[in-house]
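*Asks:* coords please:
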Amino acid sequence: MCFRTSRTLSGLPIHHPGLDVPSSDWGGLALAAHASSPGPLFATSVRHLFTFLVFTFLVGGCSLFEDQGKPIDADDPRLHDIEHVKPILPAKLNRHVHIKNISYPIQGRSVAGLNEAMQRGSPCKASILHHESEQSIACTQSRFSLVLNDASPEHVTGLCRSESFQVRLRITLTLPEWTNPEEGAHGMVDAWAFFHRALTRHEEGHAHIAIREFIEFEQAVDDAFAELPENACADKQRIFVRLWKIFFDKIVARNREYDRRTAHGVNNGTSFY
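*Replies:* Next up, the predicted model:
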């Protein structure tokens, strides 16, 4: 298969043969606080990247089905990025990290049909800093909140108990599910399998970023509190909020860099033509 970065024109990516330049725009991270979700919400998305465009001037016979009949190797370099490596979560944090996978059904017999079905059926819409009007085909939401009252970490209050400063991380990954692959055109099943695996890994990369930063934040809080007296409530709250703001900026920057480096997943195989 052939992989190229994309530029968006009227909401659809146009692929440029022979041009491998990372996408400069960022449509992948949202920071929003909703009335129903008081904790900060980081939402990442992959936009309309499953598109079938035919160019008569393609060199070398690039096509959707070039890898037809070949197994999709999990070690294929096109699928990998450093953020795809699953972080090791300390045992004490296991119960404070919750991951939920959601799929939305789509049907189609061609690449164009599946692309249209994803754009029509995806629930990944709001909370996008850029491209607010665009609908994404996949997304990852990472929400951080205090365990005691489900409030944003920057609103920490209460006594000097350790549980007053405990943060919970809830991650939701939303991906398409092709429900009628038996009706797909010749070669479609293999193409979809490669695409969906790449799409899943890209979204898992955003989840891994949230988990890694969560681990580092918790360790930073533990280290800072170890140097304070047990009853230094005001100092603990001040330090906790300061560390949270540093963490917040880091996760924004890390997600931006991840999407820039991967061109929102395109460089890892989430675009076929």
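
*Asks:* residues in contact with stretch 155-172?
*Replies:* Stretch 155-172 has contacts (CB atoms under 8 Å, 6 or more residues apart in numbering) with 96-102, 140-148, 150, 153, 207, 210-211, 214, 217-218, 221, 225, 230-233, 236-237, 240-241. (Glycine included, C-beta is placed from N, CA and C.)

*Asks:* PyMOL command for the buried members of those residues?
*Replies:* For the buried members of the contacts of stretch 155-172, the matching PyMOL selection, counting by 16 or more other CB atoms under 10 Å, is:
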select buried, resi 97+140+141+142+143+144+145+146+153+207+210+211+214+217+218+221+225+233+236+237+240
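
*Asks:* Filter the contacts of stretch 155-172 down to the ones in helices?
*Replies:* Those of the contacts of stretch 155-172 mapping onto helices are 207, 210-211, 214, 217-218, 221, 225, 233, 236-237, 240-241, per DSSP state H.

*Asks:* closest to H264 among those?
*Replies:* Nearest to H264 out of those is A207 (CB to CB; 15.4 Å).

*Asks:* Wait, that closest one touches S142, no?
*Replies:* Yes - counting by CB atoms under 8 Å, A207 touches S142, with 6.8 Å between them.

*Asks:* so where do the helices sit in this protein?
*Replies:* Taking DSSP H, the helices of the chain run over residues 111-121, 188-225, 233-262.

*Asks:* out of those, deepest packed?
*Replies:* Across those, the average number of neighbours (mean count of other CB atoms under 10 Å) peaks for helix 188-225, which reaches a mean of 20.

*Asks:* Does anything pack onto that helix? Which helices or strands?
*Replies:* Using 3 or more CB pairs under 8 Å, 6 or more residues apart in numbering; DSSP states H and E, the elements in contact with helix 188-225 are strand 37-46, strand 97-106, helix 111-121, strand 138-146, strand 167-178, helix 233-262.

*Asks:* Show the average pLDDT along stretch 102-112.
*Replies:* The average pLDDT within stretch 102-112 is 95.

*Asks:* Can you pull out the residues in contact with that stretch?
*Replies:* By CB under 8 Å, 6+ apart, the residues outside stretch 102-112 that reach it are 50-52, 64, 113-118, 121-123, 172-180, 183-185, 188, 191, 272.

*Asks:* Lowest-confidence one in the ones in helices among the contacts of stretch 155-172?
*Replies:* C233 (87).

*Asks:* Skip the chain neighbours and tell me the closest residue to that one.
*Replies:* For C233, ignoring the flanking residues on the chain, the nearest one in space by CB to CB, 6 or more residues apart in numbering is C160 at 4.4 Å.

*Asks:* Many thanks, I have nothing further to ask.
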